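Asks: Coordinates for the following, if possible.
(chains A and B)
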Amino acid sequence: MNYLPFALREITTPTYTTVGTTTMAASHISSFSLGNLGKAYLQDLSLRFVLAADDIFIRLGWLGQGYIMERAIPFSSLLTQGRPRASVWPFIKPYRLLPGQHLRVELTPRGSVATMQHTVAFHGIRELDNVPVVLHESTAAIAATTQAALIGDGYKCPADSPVLLYSVSFDDVVSDLAAVSDVIQIYGSDGRKWFKWANYDTAALFTATFEEDHYIDPIVDLIELGETNGWIMNPDQTLLVEILSNFAFRVALTLRGSVEVE
Amino acid sequence: MQPYFSPRWLYKRVSMPGVVGGTTVQLNASDFANTEIFDMHLQWLCVTGRPNAAATTANFVTAQGGVRRRTQIQLGLSQQGDINTVPSNMTAMMAPDVPYKQAFAQSQGAVRLDLPYSYELPPDAGFVVTTKNNDGSGNACTYPTVALLGHINDRENNKAPRIMSAVGPDTLADGASHNFDAADLWNDGIDSIIVNSLTLSDASHPAGAGANFALTGTSWLINPSTGLEWMPTTRGPIPAGCIAPFNRISNDVLDQAPSIFRFGGNVILRPRQRLSIELQSLANAVETYDICLFGMLEVQ
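Replies: All right, here's what the predicted structure looks like:
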């Protein structure tokens, strides 16, 4: 059994409707499903709005099984975590890399970034002797928007021991306020993507601020989920996120976690 | 009955004279006494305060020093003796857990507490929650919200998440209180809800203005409808920063973030035993301290 890190994203633009003098609440229900993969351990949910307003309400539930809350509550009342200062994604479950396997990474720096090298590093422990291991590769000096593939030996599992990977990090050279951030895609040993795009329900996509990246290094506001509070999604379940407000808004939701794979 | 743990917050607000008015304050014997018949497993002691208007002056650090840098504290357990034999500087003894506030949160967010031991809420029981706007500067709260997070064990013994949450009015004036609708905080299912965490929030402050809320801006009383009280109602509501001191939105620039002294190991306050606290302020001005002891009562 292995645990594949995943990130599902939905970008949507609910709108409100004016009927006579009454403004109807804008409402949208997002859904997240991993299809026929295994049991998913949900780590966190990040919401990013074009307009930061506090009277945006949220309600969580399961498709076909109803809501798990009596009523919608301000989304900020569930925001309890920020991202670390470094660009790192600690996994809720370790990803196990076997001897002979290796990872691959595609990376595109973005924003006002000087031509420079970029690094993506995986942090783990050798099962054989519990020695820490960092699997890392760097690009050549590349300019922003230049796509680079990291496929070298640095991402190979040591020959004598499996490695349990606990986090991935990259050199984030943009600040919290940057409009865009690097685009990164990671492929597991079988070519399976760690990250996914999902569920665009509108043609009016966001600006790059909202549509790109932030998988490893998500927006600063995170709703903690976690196994302790029962956030385990079975293959036949679909997580619903209902969002309500009294004005039009656009939102990017990102669900992260680890899913059981063979 | 199966033994279980019930959270208990003991809260006290103290007005500390500055060095001009006298230096040492010894808290009342009953303030942090275990008045139950069960052992209380001590977890941490939290001290917080709030920015003083004079803190905006150029030399505020030496003039005020928040509640921590220029304060000494001495703790002891009755019948057992001192915890620290000489008064300790609070900065050294009770460092804040969160040293910075995040610069670019889109929203202020909430304070969250993960209970050291889970609390089982049976069916047909719930929580009774009151909040009060303690801002003191005329600012209103917007949508004060409480959420109790947990899970049930379903028919197949799988965990399934549950959230009991209630929302206050869109405007809660400074000094006003609100009783939340208990129906929103009720376990009306057929399984017990295992409560693991709680969050408190006030949506009125966007990013950058959350320090007051996360300290003493709002106060709360959270109690189950059955069983032992979590927060004795006779003591009044407790500031959010004292309930959940480990949070990411406290601004520690002025030394006022919640400071936490953790009781290492398994320190038990026996029935009728008390924690004694003596404070010495070295600041020039009168300051208000909010002091809160958190423990888990072993009910059996």
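Asks: distance of the closest residue to chain A within chain B from A:I232?
Replies: With Cβ to the nearest Cβ as the measure, B:H151 is the residue of chain B nearest to chain A, at 2.9 Å. Just so you know, the C-beta spots here come from the backbone N, C-alpha and C atoms, and that holds for glycine as well. Per Cβ to Cβ, to the nearest Å, B:H151 is found 9 Å from A:I232.
Asks: Whichever strand or helix holds A:R9 vs chain B: in contact?
Replies: Using DSSP states H and E, the element containing A:R9 is strand A:2-12. No: judged by Cβ under 8 Å from any Cβ of the partner chain, strand A:2-12 and chain B are separated, with a smallest distance of 15.5 Å.
Asks: What of stretch A:96-115?
Replies: No: residues of stretch A:96-115 contacting chain B under Cβ under 8 Å from any Cβ: none, with a closest distance of 15.2 Å.
Asks: starting at the chain centroid, how far to that stretch?
Replies: With Cα atoms, centre = their mean, to the nearest Å as the basis, stretch A:96-115 stands 15 Å off its chain's centre.
Asks: Do me a favour and average the pLDDT over it.
Replies: Per-region confidence: stretch A:96-115 scores 84 on mean pLDDT.
Asks: Span of that stretch from start to end?
Replies: 34 Å (Cα to Cα, to the nearest Å).
Asks: Buried residues, stretch A:115-132. List them.
Replies: Within stretch A:115-132, the residues scored as buried using 16 or more other Cβ atoms under 10 Å in any protein chain shown are A:H118, A:V120, A:A121, A:F122, A:H123, A:G124, A:I125, A:R126, A:E127.
Asks: Can you name the two of those that sit furthest apart?
Replies: Greatest spatial distance in the buried residues of stretch A:115-132: A:H118 and A:E127, 29.1 Å, computed using Cβ to Cβ.
Asks: Contacts only, for B:Y11.
Replies: Residues counted as contacts of B:Y11 (Cβ atoms under 8 Å, 6 or more residues apart in numbering or on different chains) are B:M231, B:R235, B:G236, B:I238, B:P239, B:C242, B:D290, B:I291, B:C292, B:L293.
Asks: What of B:L293?
Replies: B:W9, B:L10, B:Y11, B:F32, B:L42, B:W44, B:L45, B:C46, B:L275.
Asks: Which pLDDT does the model give the third one?
Replies: Model confidence at B:Y11, given as pLDDT, is 95.
Asks: ok, now the last one?
Replies: At B:L275, the pLDDT value in this model is 95.
Asks: Show me where the chain dips below the pLDDT cut-off.
Replies: The chain I'm using is chain A. Within chain A, the stretches with pLDDT under 70 are A:14-26, A:49-55, A:82-86, A:111-112, A:172-182, A:195-220, A:247-250.
Asks: Oops, wrong one, chain B.
Replies: Checking chain B against pLDDT under 70 turns up B:1, B:19-22, B:50-66, B:95-108, B:203-214, B:248-256, B:284.
Asks: Going by residue numbers, what spans are helices in chain B?
Replies: B:60-63, B:90-93, B:211-212, B:240-243 (DSSP state H).
Asks: Tell me who's in contact with the nearest residue to B:I163 once chain neighbours are set aside.
Replies: Nearest non-adjacent residue to B:I163, counting by Cβ to Cβ, 6 or more residues apart in numbering or on different chains: A:M69, 4.6 Å away. Applying Cβ under 8 Å, 6+ apart, we find A:M69 in contact with A:R59, A:L60, A:G61, B:I163, B:M164, B:S165.
Asks: Do a quick rundown of the strands in the stretch 101-250 of chain A.
Replies: Ranges of strands in the stretch 101-250 of chain A, per DSSP state E, counting those that start in this stretch, are A:104-108, A:119-126, A:132-138, A:148-150, A:163-170, A:183-187, A:222-224, A:232-233, A:239-245.
Asks: Dump these into a markdown table; add distance to B:L115 as well.
Replies: Converted to a markdown table, those look like this (distance: least, Cβ to Cβ, whole Å):
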| stretch | distance to B:L115 |
| --- | --- |
| strand A:104-108 | 39 |
| strand A:119-126 | 30 |
| strand A:132-138 | 32 |
| strand A:148-150 | 43 |
| strand A:163-170 | 26 |
| strand A:183-187 | 35 |
| strand A:222-224 | 14 |
| strand A:232-233 | 20 |
| strand A:239-245 | 25 |
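Asks: now, which of the buried residues of stretch A:115-132 sits nearest A:S169?
Replies: Looking at the buried residues of stretch A:115-132 and their distance to A:S169, the nearest is A:A121, at 5.2 Å (Cβ to Cβ).
Asks: Quick check: bridge partners of that closest one?
Replies: Beta bridges link A:A121 to A:H136, A:S169 when assigned by DSSP bridges.
Asks: these two touch, right, it and A:S138?
Replies: No: the pair A:A121 / A:S138 is not scored as a contact, 9.1 Å apart, by Cβ atoms under 8 Å.
Asks: one step back: what separation do you get for the residue of chain B closest to chain A and B:M164?
Replies: 12 Å.
Asks: Then A:F91?
Replies: With Cβ to Cβ as the criterion, A:F91 and B:M164 are 29 Å apart.
Asks: before we move on, the earlier item: can you check what angle separates the strand holding A:R9 from strand A:163-170?
Replies: Between the axis of strand A:2-12 and that of strand A:163-170 there is an angle of 30 degrees, by axes from the mean of the first three to the mean of the last three Cα atoms, to 10 degrees.
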